[in-house]
Structures are given as structure tokens and as C-alpha cells.
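Novice: Return a 3D structure for these sequence lines:
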Amino acid sequence: MIALRAIVIGLMTTLVFASPIISAESAVELDSIIRLSESDLSIKGIAENPEGNKILIFGEGGYANIISSKNPDSEVLLAASDNQTMRDADWHPGGGTALLVGDEGMILRYAADDFSLTQAGEKMNFGQTDLNSVAWNTAGSWAYVGGDDGWIWRVRAEGDGGLETHLIEGRGEGDVTDIDCHDDVMLCVISSVTDGIGIIDRNHILTWIGGSFYPWNSVICPSNYYLSCVSVSSSQEIGIIQLHSTIAVESELSVSTVKGIEGQFTHLSHQDDSRSLIVVAPFALLEHDVSKNATYPWLENEDAQEFNIEISGERIIGTWGSGENSGWLITSRGTIIEFHSTEEGSGIGVILGGFIGFLIPFTIGMLILTLVYTASPKLQYWMTMKFGNKQEKRDAKRKGRGKK
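Specialist: Have a look, this model is predicted:
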């Protein structure tokens, strides 16, 4: 029957053109691109203010910039009083100021009210040590500063505009790579390239809790709802630091290795609630949820290459969230790229996949029916008399009489 053949041919054609969408594992896709400069800015890091509406950017040669977290093309260039490389920054919990630290003992203070960036202390306060990290404690009463060769200080402003500094005892020997403080309990966590993970309590006592076998390079305490912090190493380990709210020495470290990932873990950024993003070099991101101690794909390097091969060769130095599964990332060159969830695209893929899953067996069944129909004159006559039009029925009757 012509109609049956047409249906089968149509279904087979649909099956050919509706080939399954092979989706990469990325949970997000890249979108808008903003370039802060045509030249390479050599950015070292970013710091998001407590309100979540401003991003402080800093890097080599005294470069510093303030942008809007929602509209990153809105920026204010800051005039630094020192041209040394800035390596880390942290906002005071009150949001009005931030400290920036860098090479040869440099420490600067940023004031949000007038966009000024001035010397916060003398370099000799730190023996001209290269400073890698800074973090304010929960109360905002002291900031901890970490540098090369294990040096750690606590600092705060003096009434005369100077800086009060005290050396933290019990330091290790390896470079302090990062410091972060919990938002609820008076504990701060330190990562070291050779000495493991350390805890500083409310009395400024440093306790090392383990992990000295791993080259830790970043630490974050993502949520005040969980007494847990996360650290990553360049050799793809993830460390979960379970904090003890009153006895720092009873805090525990558990370490796991993430397998099947190409590249090095370089940094941690907060995304949303208990979730952080692990920056992977080359250009990739992983999601880590401290509430589940689980790691998930976020942005695959292959998808970044598909989006823009030139940008995928740059180095991600930080991210910030604008929603549960959306936000922005920034590269060392000064390229800012928006990302958002691929759920809508995934939904289309699921619907199409389900349709194809139904279509394949249906088409095969119709094809078998067509073959049987073609090989059986009786079935052809019955189908034509049952479903054919008037002309087809007349033709079938003539053929039937002719055979008799």
C-alpha cells in the first residue's frame, strides 16, 4: 500500500536526521565575553566583597581594578602606590575596606568610599618576605597574612595609620599558599605547599592537623552552615577539614584523590551555599559540594575549546557566582566570560532522546510489516480493501478477477 510505504519512508528519514545529541559532561555553557584590555594584564587573583556586588581584581605591576559583579564591564581602575605584584586580597567583614598583599612584604589597604589604594604597613614589618595570602578572621578584629618559607603574621590597623603585626608561632617551612576563615566560628584554615593543613584558633594558636604529603595550594570555607572547609592540591587531591568549634587540635582532615581528570588543580572559588568551584589548568572547572563531599563536572576543556579556541588557552584565575548555576570567570589575561546552566539544552536532549528511543523500535516494526506486506498478495488485498481509497480498491478487485 502506498500510504504504508510513505509512512515507513518518512519515519526512516526522520530517524536519519534526528541523530542523538551527544552532550559533553559540562554542567554550564559559556556565553558573553568582556575583555578588560587588549593587552595581557597578568592578573593574579580576585576578591568578592561581603555584599557580593563588587569584585576586586589585582595582579602584576600594581594593577588593581574594581568591577561590578553583575555588570563586569562597569569598572574603576585603582591607582596603586606600589608597583609590586599583588598576590592575594581579602575584604574586611564590614565591606568598607580590603587588604592586598604581594611581593617583598607589600601590604595595601583599599577603601571603598573613595576608591583609594594606599600603603597599610611598612615592608620591613614582614622582612620583605613575598606574601601569598591574607584573610580576616570571623570578627574582623585581626587579619592573618601568610608568605614564603612558612611565615605567618596577624595584623590590624593602628590608630596612627600604621600596622600592628605579631608573628604566629609554630610555623612550618614551606610556602603558605592560602588562608581562609570560617564565617561562623573563630577558626581559620591554612594551606601549605609542604607542611599540610593548619588551624588558627581564636587565641591565634596554630595547630597542624596533617596532610603534609600533599602540595596544597588553595583552601576555602564555603558555608557558615557547615563546620567544614575544603582544600585542593596541585596533584588532584581534595582535603575536607572538619572543624571542631572549640578545640582546634581535634579538627580532622580527610583526603581523597579525584581520578580521571586531566590537568592541575590551581584554586578554589565560592559558587553558591556549600558549593565551590575547583579551577583546573588547562581551562576547566569542577564543582565540589562540601555538604555531600562530592565532586562533579562543571566546565570541560573540550567545551571551552569549542566555544573559543583562543580563550581556552588562557588561564582561569577566579570565578564568582551570580546565581545557583551561573556566574562569571576571569582569566589572567583579563578576559571575563559568563557561564550559565545547560539544563534547558539538556532537557531538549532528553526529550529528543526519548523520542528517538520510541522511534527506533516503531520504525523497525513498520519496516517488517512492509516487507511482509510486499511478500503477501493476500495481505496486500486485505490491507487495500481495509484502508485503501476508492481507486486502489477498484484496482485490487480487477487484479483479483484477472488472476481467476
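Novice: Would you check how far apart the nearest residue to R35 once chain neighbours are set aside and N308 are?
Specialist: Leaving aside its chain neighbours, R35 sits nearest to T335 (5.5 Å; criterion: CB to CB, 6 or more residues apart in numbering). C-beta here means a position set from N, CA and C on the backbone, and glycine is covered the same way. In this view, T335 and N308 are 9 Å apart by CB to CB, to the nearest Å.
Novice: Likewise for S218?
Specialist: Distance of S218 to N308, given as CB to CB: 26 Å.
Novice: Same check on S235?
Specialist: 29 Å.
Novice: for L285, same thing?
Specialist: L285 sits 15 Å away from N308, going by CB to CB.
Novice: again with G150
Specialist: 40 Å.
Novice: Please identify which of the two sits among more neighbours.
Specialist: G150 (21 against 15; other CB atoms under 10 Å).
Novice: Touching, L268 and R275? I think so.
Specialist: No: assessed by CB atoms under 8 Å, L268 is found out of contact with R275, at 10.9 Å.
Novice: Could you tell me which residues touch both of the two?
Specialist: Counting by CB atoms under 8 Å, 6 or more residues apart in numbering, the common neighbours of L268 and R275 are H288.
Novice: Give the residues shared as contacts by T335 and N308.
Specialist: Counting by CB under 8 Å, 6+ apart, the residues touching both T335 and N308 are I33.
Novice: and D149, helix, strand or coil?
Specialist: helix (DSSP: H, G, I helix; E, B strand; the rest coil).
Novice: Next up, the contacts around it.
Specialist: Going by CB under 8 Å, 6+ apart, D149 touches T129, E173, G174, D175.
Novice: Now do the domain split for this protein, please.
Specialist: For the chain, automatic domain parsing gives the domain ranges 2-21+349-403, 39-341.
Novice: any chance of the ones you listed in CSV, plus distance to E29 and mean pLDDT?
Specialist: Listed next are those as CSV, based on distance: least, CB to CB, whole Å; pLDDT from 0 to 100:
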stretch, distance to E29, mean pLDDT
domain 2-21+349-403, 13, 51
domain 39-341, 7, 96
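Novice: could those go into a markdown table alongside distance to I33?
Specialist: Compiled in a markdown table, those are given as follows (distance: least, CB to CB, whole Å):
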| stretch | distance to I33 |
| --- | --- |
| domain 2-21+349-403 | 25 |
| domain 39-341 | 6 |
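Novice: just those domains: most buried one?
Specialist: Of all the domains of the chain, domain 39-341 carries the top mean neighbour count, a mean of 19, counting by mean count of other CB atoms under 10 Å.
Novice: returning to what we had before: closest to V28 out of the domains of the chain?
Specialist: Evaluated with CB to CB, the domains of the chain place domain 39-341 nearest to V28, the distance being 4.3 Å.
Novice: Now the terminal residues of the closest one, how far apart.
Specialist: Domain 39-341 has an end-to-end distance of 30 Å (criterion: CA to CA, to the nearest Å).
Novice: On the strand side of things, show who the residue most central in space within the chain bridges to.
Specialist: Centrality entry for the chain: nearest residue to the mean C-alpha point is L277, 3.3 Å, by CA atoms, centre = their mean. Under DSSP bridges, the beta-bridge partners of L277 are S269, E287.
Novice: With L100 instead?
Specialist: A89, L108.
Novice: so who does it touch?
Specialist: 56, 58, 64, 86, 88-89, 106-110, 117, 134.
Novice: go on, P282?
Specialist: Applying CB under 8 Å, 6+ apart to P282 gives the contacts G263, N301, S312, G313, R315.
Novice: Restricted to helices, list the residues you listed.
Specialist: The members of these that map onto helices under DSSP state H are N301.
Novice: roughly how far apart are A89 and G318?
Specialist: Taken as CB to CB, the span from A89 to G318 is 11 Å.
Novice: what's the overlap in contacts for these two?
Specialist: Listed contacts common to A89 and G318 are G45, I46; contacts here mean CB under 8 Å, 6+ apart.
Novice: re the thing from before, now, the most widely separated pair of the contacts of P282?
Specialist: Largest separation among the contacts of P282 by CB to CB: G263 and G313, giving 13.0 Å.
Novice: any idea which helix or strand comes after the helix or strand hosting V155?
Specialist: Using DSSP states H and E, V155 sits within strand 152-157. As assigned by DSSP H and E, the chain's next helix or strand after strand 152-157 is strand 163-167.
Novice: residues touching the residue nearest to the centre of the chain, list them.
Specialist: Contacts for L277 (CB under 8 Å, 6+ apart) come out as L268, S269, H270, Q271, L285, L286, E287, H288, W298, T319.
Novice: Show me how far stretch 123-131 is from its chain's centre.
Specialist: 32 Å (CA atoms, centre = their mean, to the nearest Å).
Novice: Please apply the same query to stretch 217-236.
Specialist: Taking CA atoms, centre = their mean, one finds stretch 217-236 lying 13 Å from the centre of the chain it belongs to.
Novice: Can you give me the distance of N53 to E158?
Specialist: 30 Å.
Novice: First-to-last residue distance for stretch 163-174?
Specialist: Distance across stretch 163-174, first residue to last, is 25 Å (CA to CA).
Novice: Pairing partners for the residue nearest to I200 when sequence neighbours are not counted in the sheet, please.
Specialist: Excluding the flanking residues, the one nearest I200 by CB to CB, 6+ apart is C188, at 4.4 Å. Under DSSP bridges, the beta-bridge partners of C188 are C181, I200.
Novice: Verify the stated contact: C188 with A135.
Specialist: Yes: judged on CB under 8 Å, C188 makes contact with A135 at a distance of 6.0 Å.
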